[in-house]
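Chemist: Next input, structure requested:
(chains A and B)
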Amino acid sequence: MGGESKWMGLWYVSPYVIGLLLFTAFPFLASFYLSFTDYDLLNKPEWVGTANYEKLFTRDRTFDKSLKVTLIYVFTTVPLKLAFALFIAVVLNYRLKAINLFRTAYYVPSILGGSVAIAVLWRYIFADTGLVNMMLGSLGMEPINWFGDPENALFTITLLRCWQFGSAMVIFLAALQSVDKSLYEAAAIDGAGPWKIFRHITLPLITPVIFFNLIMQTVQAFQEFNGPYIITDGGPMKSTYLLPLYIYDKAFKSFDMGYASAIAWVLFAIIMVLTLIAFWSSKKWVYYAGDKRS
Amino acid sequence: MAAITDIPVRKGSEPPTAIELKHRRKAMRSSILRYGLLTLVGLVMIYPLIWLVGASFKTNAEMFSSAGFWPKEPTLSGYIEGWQTSTPYTFGKFFVNTLWIIIPKTIGTAISCTLVAYGFARFDFPGKKFLFMTVIATLLLPNVVTRIPQYLLFRDIGWLDSFLPLWVPSALAGDAFFVFMVIQFLRAIPRDMEEAARVDGATTLQTLVYIVVPMLMPALISVCLFQFMWTMNDFLGPLIYISSVEKYPVSLALKLSIDTTEAFAWNQILAMSVLALAPSLAVFFMAQKYFIEGISSGGVKG
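Modeler: Here you go, the predicted structure:
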């Protein structure tokens, strides 16, 4: 279209441009600046150079603990959740009559997502005498101290997020359904077994979607807040004290805005480096059919 | 695994060959296995929610003594007492607050996403490529890095403890995911009708309102539904910006009731959790088609 004036389009996107400048670009740069300052909200930000970062990396044991816990959390939650989502999507991708019913049942938990009510529910079913331990008991197993034991608490949060595998699964399922069926038939005629077909046909064809899910879930997992904040409040012994909780406490409880910004930037840097690695490595493993939606 | 054993079984009257019989047996075994597994997983997925509903009618004493769904002595006390809360307000107030956050935010999102997507999908303008790249970058940008200065900004313009910090960024197309979704949707729609309207002398705005918006409806409904859910679930936003209890949405009120009533009144908290989840569940079941389509198209096209 166009024609009348090349500024017409800009006029339509102007709300976005204003929002981008005010609520994304400016805060992004400002937080970088703040991370080099000492700012308690009462006095003006005071430039301290790299002091915040030096303290973070050399003297702050809470940060060490929190960083470690965050990395463990992300590197267990994301692979578990994605593997489970893909597995279920593959099982569902069949001429089952009840496919929609199952898809709905699996999707419901992720719709309720990070809500407080779900975190509350989790707290109750994993309580010492909660639903899960009662069920373990009826199977003759010892009850597990889910939230009280620093060894288990983080994994219980991981379980919560894996329970919400539905949205990743729906995306996988849509990709699986778009794979050309004739490829399977051709491979089957050539005598390839199910596992070989999955490994060499299905998997390569859905790598773009695996890549998409991987990035989105990783970025999301690094920002997990509601689960640990509501269920365990970071404890016990800081075993679920993820970096977003630490940032929140520093910024909005101790009003140490400069230091909190420095932690946020370290977290951001980690996410960015991992995302860049993923993008860079994607050339080697993500397969784009030369087609419609590259 | 999978769709792989999906070898078509011939329909017809001729007697099946030995190979066909073998395949049918195999397909049968595979379906039984699949149904069994899927049902088991489905139960694990859904049972916690079912248990929650049952438990909200239980007495406190029963809560931690049976894993069953049915309460032995059903009671409404969790609902009646929980609704009153320990604050001067009832949960009704908190539901009204939540709606009052959601409705303007959702309308603002739908309108701004429509305008912006129209601009990106149908016009050329200086800096378009760069701006579109910022949409993708924002999609991947963790909020954690912009949150503190955003808070400071809202503090400086006096918006703290109001709903404005929750409304305004969304009304300025701040949710990159939705912008991206609508752009992708619009790009897939042919332009013939719009071009015809333009030839007939319609302005771009008229074309947008009368031609494009009706065609965008499915995408816009998805956007509104997702925004409804996400805002309903949002906890961190209100936690940072809303400080007076009278403005609390349900999510904050629920957290408050955990902190204040936990020691003795579990069933009140569970009862209020059921109510907090009910609107999302109701909306989901009324419109699940839009959710599934929204998430699959947004994802696959990414």
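Chemist: make it CA atoms for all contacts and neighbour counts henceforth
Modeler: OK.
Chemist: need the helices for the stretch 1-150 of chain A, in chain order.
Modeler: Secondary structure of the stretch 1-150 of chain A (DSSP state H, counting those that start in this stretch): helices at A:8-19, A:26-34, A:51-58, A:61-92, A:99-112, A:116-125, A:131-138, A:150-163.
Chemist: Export those to a markdown table and append columns for mean pLDDT and mean neighbour count.
Modeler: Supplementary listing: the helices of the stretch 1-150 of chain A in a markdown table, determined by pLDDT from 0 to 100; neighbours: other Cα atoms under 10 Å in any protein chain shown:
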| stretch | mean pLDDT | mean neighbour count |
| --- | --- | --- |
| helix A:8-19 | 94 | 21 |
| helix A:26-34 | 96 | 19 |
| helix A:51-58 | 94 | 15 |
| helix A:61-92 | 95 | 19 |
| helix A:99-112 | 86 | 19 |
| helix A:116-125 | 90 | 23 |
| helix A:131-138 | 86 | 18 |
| helix A:150-163 | 92 | 20 |
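Chemist: got these as a markdown table, with distance to residue A:262 columns?
Modeler: Converted to a markdown table, those look like this (distance: least, Cα to Cα, whole Å):
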| stretch | distance to residue A:262 |
| --- | --- |
| helix A:8-19 | 24 |
| helix A:26-34 | 8 |
| helix A:51-58 | 6 |
| helix A:61-92 | 11 |
| helix A:99-112 | 32 |
| helix A:116-125 | 28 |
| helix A:131-138 | 40 |
| helix A:150-163 | 25 |
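Chemist: For residue B:87, find the nearest of the ones you listed.
Modeler: Nearest of the helices of the stretch 1-150 of chain A to residue B:87, taken as Cα to Cα: helix A:116-125 at 18.4 Å.
Chemist: Show residues contacting that closest one.
Modeler: Applying Cα atoms under 8 Å, 6 or more residues apart in numbering or on different chains, the external contacts of helix A:116-125 come out as A:112, A:130-132, A:160, A:226-227, A:230-231, B:48, B:52, B:233, B:235, B:251, B:254-255, B:270, B:273-274, B:276-277.
Chemist: among the helices of the stretch 1-150 of chain A, which is nearest residue B:222?
Modeler: helix A:99-112 (13.0 Å).
Chemist: Just confirm yes or no for that closest one near chain B.
Modeler: Yes: under the criterion of Cα under 8 Å from any Cα of the partner chain, chain B is reached by helix A:99-112 at A:102, A:104, A:105, A:106, A:108, A:109, A:111, A:112.
Chemist: Next up, identify which helix or strand residue B:27 is on.
Modeler: Counting by DSSP states H and E, the element that carries residue B:27 is helix B:18-55.
Chemist: Show me what that helix is packed against.
Modeler: Helices and strands touching helix B:18-55, as assessed by 3 or more Cα pairs under 8 Å, 6 or more residues apart in numbering or on different chains; DSSP states H and E, comprise helix A:61-92, helix A:99-112, helix A:116-125, helix B:266-286.
Chemist: That one vs helix B:266-286, what angle?
Modeler: Going by axes from the mean of the first three to the mean of the last three Cα atoms, to 10 degrees, helix B:18-55 is angled at 140 degrees with respect to helix B:266-286.
Chemist: now helix B:18-55: mean pLDDT?
Modeler: Helix B:18-55 shows a mean pLDDT of 85 in the predicted model.
Chemist: Any buried residues in the helix or strand following that helix, and which?
Modeler: Using DSSP H and E, the helix or strand that follows helix B:18-55 towards the C-terminus is helix B:60-63. Residues B:60, B:63 are the ones in helix B:60-63 that count as buried (16 or more other Cα atoms under 10 Å in any protein chain shown).
Chemist: CA-only coordinates of helix B:60-63 in PDB, if you can.
Modeler: Listed next in PDB are the C-alpha coordinates belonging to helix B:60-63 (Å, rounded to 0.1, in the frame of the first residue of the first chain):
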ATOM      1  CA  ASN B  60      -9.000 -28.300  58.900                       C
ATOM      2  CA  ALA B  61      -8.700 -31.500  60.800                       C
ATOM      3  CA  GLU B  62      -9.500 -33.600  57.800                       C
ATOM      4  CA  MET B  63      -7.200 -31.700  55.400                       C
END
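Chemist: what's the spacing between it and its chain's center?
Modeler: Average the C-alpha atoms of helix B:60-63, do the same for its chain, and the two points are 32 Å apart (Cα atoms, centre = their mean, to the nearest Å).
Chemist: same for the helix or strand following it, what does it pack against?
Modeler: Sequence-wise, the next helix or strand beyond helix B:60-63 is helix B:77-84, with elements assigned using DSSP H and E. The helices and strands touching helix B:77-84, judged by 3+ Cα pairs under 8 Å, 6+ apart, are helix B:91-122, helix B:266-286.
Chemist: avg pLDDT for the first one?
Modeler: This means helix B:91-122. Averaged across helix B:91-122, the pLDDT comes to 95.
Chemist: before we move on, what about stretch B:258-278?
Modeler: Averaging the model's pLDDT scores along stretch B:258-278 yields 83.
Chemist: ok, residues contacting that stretch?
Modeler: For stretch B:258-278, contacts defined as Cα under 8 Å, 6+ apart pick out A:112, A:116-118, A:120-121, B:52-53, B:55-60, B:63, B:77-79, B:81-83, B:86, B:250-251, B:254, B:257.
Chemist: got the CA coordinates for that stretch in PDB?
Modeler: C-alpha atoms of stretch B:258-278 as PDB (Å, rounded to 0.1, in the frame of the first residue of the first chain):
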ATOM      1  CA  ILE B 258      -1.300 -16.900  53.800                       C
ATOM      2  CA  ASP B 259       0.900 -14.600  55.800                       C
ATOM      3  CA  THR B 260      -1.800 -13.700  58.300                       C
ATOM      4  CA  THR B 261      -4.000 -16.800  58.700                       C
ATOM      5  CA  GLU B 262      -1.800 -19.700  58.000                       C
ATOM      6  CA  ALA B 263      -1.300 -21.200  61.400                       C
ATOM      7  CA  PHE B 264      -4.900 -22.200  61.900                       C
ATOM      8  CA  ALA B 265      -7.100 -21.800  58.900                       C
ATOM      9  CA  TRP B 266      -5.900 -23.900  55.900                       C
ATOM     10  CA  ASN B 267      -9.300 -24.400  54.500                       C
ATOM     11  CA  GLN B 268      -9.900 -20.700  54.200                       C
ATOM     12  CA  ILE B 269      -6.800 -20.300  52.100                       C
ATOM     13  CA  LEU B 270      -7.700 -23.200  49.900                       C
ATOM     14  CA  ALA B 271     -11.200 -22.000  49.400                       C
ATOM     15  CA  MET B 272     -10.000 -18.600  48.300                       C
ATOM     16  CA  SER B 273      -7.500 -20.300  46.000                       C
ATOM     17  CA  VAL B 274     -10.300 -22.100  44.300                       C
ATOM     18  CA  LEU B 275     -12.200 -18.800  43.800                       C
ATOM     19  CA  ALA B 276      -9.000 -17.200  42.500                       C
ATOM     20  CA  LEU B 277      -8.500 -19.900  39.900                       C
ATOM     21  CA  ALA B 278     -12.200 -20.100  38.900                       C
END
